[in-house]
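Peer 1: structure, please.
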Amino acid sequence: MKKISCILISILLILIALSTQISAVKLSSLDGNNPPNPPVVDAPESNPAKIWFKVYCTVTDPDGDDIYYRTQMKTSIGWQEPSNWVGPFASGEEQYSLIKSSVDQEITIGYQAKDIYGAESEWTYVDVTITKSKIYNGYLQILSSLQNLLSRLTKLY
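Peer 2: Numbering: from 1, shown residues only. Next up is the predicted model:
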């Protein structure tokens, strides 16, 4: 009787160990969940400095699952940490981010998605050139014209 109890306890411990290992396996691999498709990102090729602009992002999930987004940006000083996940949003629903840069530079904006079960998409990146604002360029033109006028006036006197 003691041997049977030991065998039953051993079998029970093995079953507990196996169930723990099985539950540790990601659910997406067990239920056939697929990760979202890579984000489709639409951003302007360039934008004036100090002016807000929108970057649009759409992600579809092959299983129709709701999704979360996060972004990451690279500026002249390097990569920023990825943002926190935001959402969930319906698969295929267009979202946007507002972005502003105060200096002339090339920036890279990355988007990633994950579904409500944690399966993550690949990152998608777009580049945007930030240029001096039109207002700033207008001031430069006015200053240049004033400098030319002053130069001519000094030659007259």
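Peer 1: what pairs with the residue sitting nearest the centre point of the chain across the strands?
Peer 2: Nearest residue to the geometric centre of the chain (C-alpha atoms, centre = their mean): residue 71, 1.9 Å. With DSSP bridges as the criterion, residue 71 is bridged to residue 111.
Peer 1: residue 127 versus that one, what's the distance?
Peer 2: 14 Å (C-beta to C-beta, to the nearest Å). The way it works is simple: take the backbone N, C-alpha and C, and place the C-beta from them, glycine included.
Peer 1: tell me where the model's unsure across this structure.
Peer 2: Along the chain, segments meeting pLDDT under 70 span 1-31, 133-145, 157.
Peer 1: can you map out the strands along it?
Peer 2: For the chain, strands defined by DSSP state E occupy the ranges 40-42, 46-48, 53-58, 67-75, 78-79, 86-89, 95-99, 105-115, 124-131.
Peer 1: quick one: closest of those to residue 32.
Peer 2: Nearest of these to residue 32, taken as C-beta to C-beta: strand 105-115 at 12.4 Å.
Peer 1: which parts of the closest one are buried?
Peer 2: Across strand 105-115, burial judged by 16 or more other C-beta atoms under 10 Å covers 107, 109, 110, 111, 112, 113, 114, 115.
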